[in-house]
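> Sequence below, structure please.
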Amino acid sequence: MYQCNYNKKRQKGKHLTEQERVLIDFLLKQGWRLKDIADKIGCCAKTISREKKRGMVYGLLNSDLSLKNEYSWLNAQNKYNENKHKKGVGKKVDKIPELKKYIENCIKVHKFSPNATVMRLRNFRSIFPEIISTKTIYNNIRDLVFADITYRDLAYEKKRNRKYSPKNKIIRKSGGKSIEERSDIVSKRTEKGHWEMDTVIFSNKGSHECLLVLTEIKSRYEVILKILDKSSKSVIGALNQLERKHRGKFREKFKTITTDNGSEFMNYNGMETSLFNEKKRTEIYYAHSYCSYERGSNENNNKLIRRHFPKRTDFNKISKKRIKEVQDWMNNYPRELFGGKTSEEVYFDR
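Residues are numbered from 1 along each chain as shown. This is a model prediction of the structure:
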């Protein structure tokens with residue numbers, strides 16, 4: 001149904017609306033003059049003339065097979081929407097193909113987040129002087145500016161759940177030292193040498209191999225070791241391997257290790273005792289049950305590992321060389337926490 005009694009006062013300089021185009025279509029079919037249509041809508045006759053040309057459809061067939069040209073409000077509206085979409089200054093990355101290619105390479109190949117990509121770009125200001133923000137990259141991904149990048153290529157969105165604090169926090173292992181007994185220096189992250197440890201499992205079927213991961217809580221420096229299974233024997237064997245590598249400096253570099261209450265970490269004596277002289281090589285502390293946030297650095301780094309090794313990964317086919325590559329990638333990942341520096345730079349005071 002067409003609206004003929006169009007008496008709403010029109011704002012000067014405003015674009016024609018879809019409703020007004022429908023009215024123009026109706027009045028033209030009724031034989032109204034352009035000037036009369038303009039007075040009806042509240043604009044000048046030139047506006048109606050240009051609108052008529054914009055929406056004209058040529059070569060329509062009459063019932064006697066003769067041709068006619070006719071204004072179509074739908075055709076005019078589609079052209080208006082298309083032109084509206086094209087207007088503006090354009091996407092910044094489209095103007096600099098090298099910048100666009102670099103961003104695509106960082107996110108798709110090197111698995112950087114948009115924020116890490118922006119921090120890495122700061123190191124190449126001489127090559128890419130154009131400033132681009134993290135939000136701009138997210139907007140470009142949303143608008144499909146990058147041909148091969150979607151939200152699926154990004155890390156999982158962080159879930160901000162409330163911390164679960166049970167009324168009676170417990171330590172599963174009797175005799176193990178609670179995180180409450182740990183020095184405040186560790187929580188303040190002012191001193192290096194304090195670690196959080198966990199195992200990362202990728203499949204409940206087939207291979208039992210998994211990863212033992214340690215995160216240095218001041219620098220977030222990561223150590224990843226492949227172990228045969230999720231057992232205390234395998235964990236102690238991996239720590240022995242680390243002690244052989246660092247020899248007399250193990251105690252200095254691994255002052256404390258905080259773990260969860262998994263069965264693989266229950267032999268705290270075996271983890272604390274040195275391989276060479278049976279003295280204490282480190283201090284083992286246990287976080288409270290159901291309080292993974294007490295090992296937050298470790299849990300966040302596990303998410304980065306899963307970007308390379310998703311669930312159901314068969315570790316029979318994953319070499320130690322590949323695991324070392326992922327470890328190096330994590331330790332050279334630009335972090336906003338350190339102003340764009342990497343964990344390796346912070347850990348080694350570069």
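> Can you tell me which helix or strand of this structure has the lowest average pLDDT?
Sorted by mean pLDDT, DSSP states H and E, the helices and strands of the chain end with helix 92-95, the least confident at a mean of 77.
> Check which helices and strands that helix sits against.
helix 97-104 (3 or more CB pairs under 8 Å, 6 or more residues apart in numbering; DSSP states H and E). In short, each C-beta sits where N, CA and C put it, glycine included.
> what's the distance between Gly31 and Ile37?
Using CB to CB, to the nearest Å, Gly31 is found at 11 Å from Ile37.
> Counting neighbours, what do you get for Leu121?
21 (other CB atoms under 10 Å).
> State the three-state secondary structure for it.
At Leu121 the chain is in helix, as set by DSSP: H, G, I helix; E, B strand; the rest coil.
> Repeat that for Val223.
strand.
> Excluding sequence neighbours, find me the nearest residue to it.
Of all residues not flanking Val223 in the chain, Leu214 sits nearest, at 4.4 Å (CB to CB, 6 or more residues apart in numbering).
> Let me know the helix or strand that that neighbour is in.
For Leu214, the element it lies in under DSSP states H and E is strand 210-216.
> For the stretch 201-350 of the chain, which segments count as strands?
Applying DSSP state E, counting those that start in this stretch to the stretch 201-350 of the chain gives strands spanning 210-216, 222-227, 256-259, 283-286.
> if I pick the closest residue in space to Ser231 that isn't next to it in sequence, what's in contact with it?
Distance criterion CB to CB, 6+ apart; nearest residue to Ser231, sequence neighbours excluded, is Glu264 at 5.7 Å. By CB atoms under 8 Å, 6 or more residues apart in numbering, Glu264 lies in contact with Thr199, Lys230, Ser231, Ser232, Ser234, Val235.
> one more time with 7 Å
Neighbouring residues of Glu264 by CB atoms under 7 Å, 6 or more residues apart in numbering: Thr199, Lys230, Ser231, Ser232, Val235.
> about what we covered before: if you count neighbours, what's buried in the least confident helix or strand of the chain?
Neighbour counts over helix 92-95 (16 or more other CB atoms under 10 Å) mark Lys92, Val93 as buried.
> and what of stretch 99-117?
99-100, 102-104, 106-107, 111-117.
> Let me know how buried Ser66 is, in neighbour terms.
8.
> brain fart, Lys79
Counted with other CB under 10 Å, Lys79 comes out at 12.
> Identify the residue spatially nearest to it, adjacent ones excluded.
Spatially, and ignoring its direct neighbours in sequence, Lys79 is nearest to Arg54 (5.6 Å; CB to CB, 6+ apart).
> That neighbour and Asn78 touch, don't they?
No. With contact defined as CB atoms under 7 Å, Arg54 does not count as touching Asn78 (10.0 Å).
> These two: who's more crowded?
Legend: neighbour count by other CB under 10 Å for Arg54 and Asn78, higher for Arg54 (16 against 12).
> How much space separates the more buried one from Leu212?
From Arg54 over to Leu212 (counting by CB to CB), the distance is 68 Å.
> next one: Asp36
83 Å.
> Out of those two, name the residue with the larger neighbour count.
A direct count of neighbours by other CB under 10 Å for Asp36 and Leu212 places Leu212 higher, at 22 against 13.
> who's that one bridged to?
Thr199, Leu225 (DSSP bridges).
> That one contacts Thr199, doesn't it?
Yes. Contact criterion CB under 7 Å: Leu212 and Thr199 qualify, at 5.6 Å.
> Who has more neighbours out of Gly31 and Ile37?
Ile37 (23 against 7).
> OK, contacts around the more buried one?
Per CB under 7 Å, 6+ apart, neighbours of Ile37: Ile24, Leu27, Ile48.
> which of those residues lies closest to Arg281?
Nearest to Arg281 among the contacts of Ile37, counting by CB to CB, is Ile24 at 85.3 Å.
> quick one, strands of the stretch 51-200 of the chain?
56-61, 67-71, 177-178, 194-200.
> Would you mind finding the most buried of those strands?
Of all these, strand 194-200 has the most neighbours on average by mean count of other CB atoms under 10 Å, namely a mean of 23.
> Show me what that strand is packed against.
Secondary-structure packing of strand 194-200 (3 or more CB pairs under 7 Å, 6 or more residues apart in numbering; DSSP states H and E): strand 210-216, strand 256-259, helix 296-308.
> Let me see the mean pLDDT of stretch 316-326.
Averaging pLDDT along stretch 316-326 yields 91.
> Name the surrounding residues that touch it.
Stretch 316-326 is touched from outside by Ser207, Glu209, Ile224, Lys226, Ile305, His308, with contacts defined as CB under 7 Å, 6+ apart.
> which residues touch the closest residue to the third one other than its chain neighbours?
Using CB to CB, 6+ apart and skipping residues adjacent in sequence, the residue nearest Ile224 is Gln327, 4.5 Å away. Listed by CB under 7 Å, 6+ apart, the contact set of Gln327 reads Glu222, Val223, Ile224.
> among those, who's most crowded?
Counting by other CB under 10 Å, top hit in the contacts of Gln327: Glu222 with 26 neighbours.
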